[in-house]
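J.: Quick one: sequence plus predicted model below, questions after.
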Amino acid sequence: MARRIMTPTPKGEDARTEILNAAWKLFITRGYASTSLRDIAKAAGNRAVGGIYNHFASKEALFTELLEMAAPVEEMRAVFAACHGETAPELIRAYLRAWLPLNQRYYEYLKLVQIDLGEFGGANIQRIFPELTTPLQEFVRSIQALPGLRPMPTVVLMRLLDAIAAGYVVTARYGPDDVRADFTPEAWIDLLIDALLNGIAQQNDEGGIELENLEMSHDNRAN
């Protein structure tokens with residue numbers, strides 16, 4: 001038998017907000033599968049589990065509500081609209097300049113997106129924001145179709161872009177403040193992009209990479 005969702009009252013709206021806030025925190029910190037409605041009810045002021053059903057038909061409905069109400073859809077659309085370039089490096093730079101700050105601002109929301117992708121195959125976020133579920137692989141292939149990159153497997157470039165994004169967000173949130181303060185957030189992003197596009201290995205006069213130290217390191221490991 002389907003549960004009846006009661007018409008919200010001012011007091012009911014307060015309860016709904018408390019439930020949503022508790023669910024948000026638990027889904028972010030514990031994950032979806034490890035969070036029960038009992039956990040949410042307890043975190044929302046030691047409520048009865050049945051009280052949640054006055055507002056949400058199920059745990060999935062509660063999760064979907066969070067995903068929908070907090071979605072920064074317009075900002076995300078602006079990011080994708082800004083991703084243009086006539087060469088692969090230009091497109092990568094435009095993408096990372098737009099994507100990294102958004103990852104930082106909506107770090108917790110993107111964790112909810114990851115939950116939706118893992119638990120529900122992205123069905124909810126695809127309904128809310130179809131553009132967000134465009135496979136990264138397709139975008140990376142569009143980068144590789146432009147001039148300016150040396151050949152590499154698509155999956156390698158995908159993982160490089162993911163690594164830059166994940167590394168930026170984690171170190172921006174948890175790295176030492178005195179180190180981060182050396183540059184503005186915008187400067188940090190450009191430094192990371194430059195390192196990705198230009199490399200960090202010293203080059204010789206002919207433009208090749210100095211391999212002597214790498215070979216010595218390999219020999220040392222072999223011995």
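T.: Received it, and whenever you're ready, just let me know what you need. None of the values given here were measured: they were computed from a predicted structure.

J.: From now on I want contacts and neighbour counts done on CA atoms only, so please keep to that.
T.: OK.

J.: hang on, Ala15 in a helix?
T.: Yes: if the criterion is DSSP: H, G, I helix; E, B strand; the rest coil, then Ala15 is within a helix.

J.: what's the spacing between it and Arg150?
T.: Per CA to CA, to the nearest Å, Ala15 is found 56 Å from Arg150.

J.: now do Trp24
T.: Trp24 is 43 Å from Arg150, by CA to CA.

J.: Next: Gln144.
T.: Look at Gln144 and Arg150: by CA to CA, they are 9 Å apart.

J.: Please compare these two by neighbour count and tell me which comes out ahead.
T.: Gln144 (21 against 7; other CA atoms under 10 Å).

J.: Can you name the residues that contact the more buried one?
T.: Contact partners of Gln144, counting by CA atoms under 8 Å, 6 or more residues apart in numbering, are Ala88, Thr154.

J.: before we move on, what about Ile52?
T.: Here Ile52 is in contact with Arg16, Ile19, Leu37, Ala41 (CA under 8 Å, 6+ apart).

J.: Just these: which are in helices?
T.: Among these, DSSP state H puts Arg16, Ile19, Leu37, Ala41 in helices.

J.: pLDDT below threshold where in this protein?
T.: Where the chain drops to pLDDT under 70, the residues are 1-12, 131-136, 175-180, 203-223.

J.: So which residues of it form helices?
T.: 10-30, 37-43, 49-52, 59-69, 73-81, 88-105, 107-120, 123-128, 136-144, 154-174, 177-180, 185-198, 212-222.

J.: Tell me how far the residue nearest in space to the middle of the chain lies from Ala166.
T.: Centroid check for the chain by CA atoms, centre = their mean gives Leu110 as the closest residue, at 4.3 Å. Leu110 sits 11 Å away from Ala166, going by CA to CA.

J.: Distance check, His84 against Ala22.
T.: Distance, His84 to Ala22, by CA to CA: 40 Å.

J.: I misspoke; the intended subject was Pro89.
T.: Separation of Pro89 from Ala22 (CA to CA): 43 Å.

J.: I'd say Glu86 and Leu146 touch.
T.: Yes: with contacts counted by CA atoms under 8 Å, Glu86 reaches Leu146, the gap being 7.0 Å.

J.: neighbour count winner among the two?
T.: It is Leu146, of Glu86 and Leu146, that has more neighbours when counted by other CA under 10 Å, with 15 against 11.

J.: can you pick the most crowded of the contacts of Ile52?
T.: Ranking the contacts of Ile52 using other CA under 10 Å puts Ile19 first, with 24 neighbours.

J.: so what's that residue up against?
T.: Going by CA under 8 Å, 6+ apart, Ile19 touches Ile40, Ala41, Ala43, Ala44, Ile52.

J.: Compile these into a markdown table and extend it with columns for distance to Arg30.
T.: Formatted as a markdown table, the contacts of Ile19 follow (distance: CA to CA, whole Å):
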| residue | distance to Arg30 |
| --- | --- |
| Ile40 | 11 |
| Ala41 | 15 |
| Ala43 | 13 |
| Ala44 | 16 |
| Ile52 | 19 |
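
J.: nearest to Leu96, of those?
T.: Nearest to Leu96 among those: Ile40, at 35.9 Å, using CA to CA.

J.: That closest one: what's it in contact with?
T.: So Ile40 contacts Ile19, Ala22, Ala23, Leu26 (CA under 8 Å, 6+ apart).

J.: cool, and Ala48?
T.: The neighbourhood of Ala48, defined by CA under 8 Å, 6+ apart, consists of Arg38, Ala41, Lys42.
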